[in-house]
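[1] next comes the sequence, and after it the predicted model I'd like to discuss.
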Amino acid sequence: MSKTIKNVFVSHHHKDDASVDGLTRLAAGKGFNLRNSSIRAKPENQKRIDAKKIPEQTIKRLLRMKMRWASQLIVVIGKETHSRDWVNWEIEQAHKMGMPIIGVYENGLTGNVEIPEKLLDYGTARVSWRSDSIIDALKGASNFQNPDGTPSDKMQSGNVVC
């Protein structure tokens, strides 16, 4: 099977790092090689970030550089993702760059899950943790699903990709 290579930036809560790895493996099983340019801080660096020892402008500059390399933004939607200011900032930046923005619910989530505000505003797809749904979104399908894969009632989105 030939591999399709996608340069992506995966926006996520740092507690969801294992889901980023799982997403990469899930896509690989369907012939997609996700090359992720997002930042995954080591614990000691995360402590420095949390303690605000790294200037916010430095972090923003680094994130924008990493995002420019990617052609799509994937947001891993976990239980706490909606409360992460950096996730919303990354989504807004991706929108300004004209990127498709794909939300993927973490494996095992059920019921009503709060969605990051900017993902509601700018998302081009929001899909369950199923390889076919994820691949369809990476290929440009604008599907909106609940965590269990059923269609979502809310299809609000302000990002249009041509």
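    Looks like it arrived, so ask away.

[2] please identify the helix or strand for the spatially most central residue of the chain.
    For the chain, Val75 is the residue whose C-alpha lies nearest the centre (CA atoms, centre = their mean; 1.6 Å). Element membership of Val75, judged by DSSP states H and E, is strand 72-77.

[3] ok, residues contacting that strand?
    Strand 72-77 is contacted by residues 6-13, 16, 19-20, 23, 34, 67, 81, 87, 90-91, 94, 99-106, 109, 113, 115-116, 119, 123, 126, 138 when judged by CB atoms under 8 Å, 6 or more residues apart in numbering. For the C-beta atoms, the positions are set from N, CA and C on the backbone; glycine is no exception.

[4] and the pLDDT for Lys154?
    Looking at Lys154, its pLDDT reads 57.

[5] re the thing from before, state the pLDDT value of the residue nearest to the centre of the chain.
    97.

[6] tell me the helix or strand right after the strand holding Val75.
    Next along from strand 72-77, by DSSP H and E: helix 85-96.

[7] tell me what whichever helix or strand comes after that next one is packed against?
    As assigned by DSSP H and E, the chain's next helix or strand after helix 85-96 is strand 101-105. For strand 101-105, the packing partners by 3 or more CB pairs under 8 Å, 6 or more residues apart in numbering; DSSP states H and E come out as strand 72-77, helix 85-96, helix 117-122, strand 125-127, helix 131-138.

[8] turn the ones you listed into CSV, including distance to Thr58.
    Listed next are these as CSV, based on distance: least, CB to CB, whole Å:
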stretch, distance to Thr58
strand 72-77, 21
helix 85-96, 13
helix 117-122, 22
strand 125-127, 31
helix 131-138, 31
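
[9] tell me which of these lies nearest to Arg48.
    For Arg48, the closest of the helices and strands packed on strand 101-105 is helix 85-96, at 14.5 Å, according to CB to CB.

[10] and that closest one, how far out from the chain's middle?
    Computed by CA atoms, centre = their mean, to the nearest Å, the chain-centroid distance of helix 85-96 equals 10 Å.

[11] what residues sit buried inside it?
    Neighbour-count burial for helix 85-96, counted by 16 or more other CB atoms under 10 Å, picks out 86-91, 93-95.

[12] what's it packed up against?
    strand 4-11, helix 56-69, strand 72-77, strand 101-105, helix 117-122.

[13] run through this protein and note the low-pLDDT ranges.
    Along the chain, the parts satisfying pLDDT under 70 run over 1-2, 41-43, 45, 154-162.

[14] what's the local residue count around Ala28?
    A total of 13 residues lie near Ala28 under the criterion other CB atoms under 10 Å.
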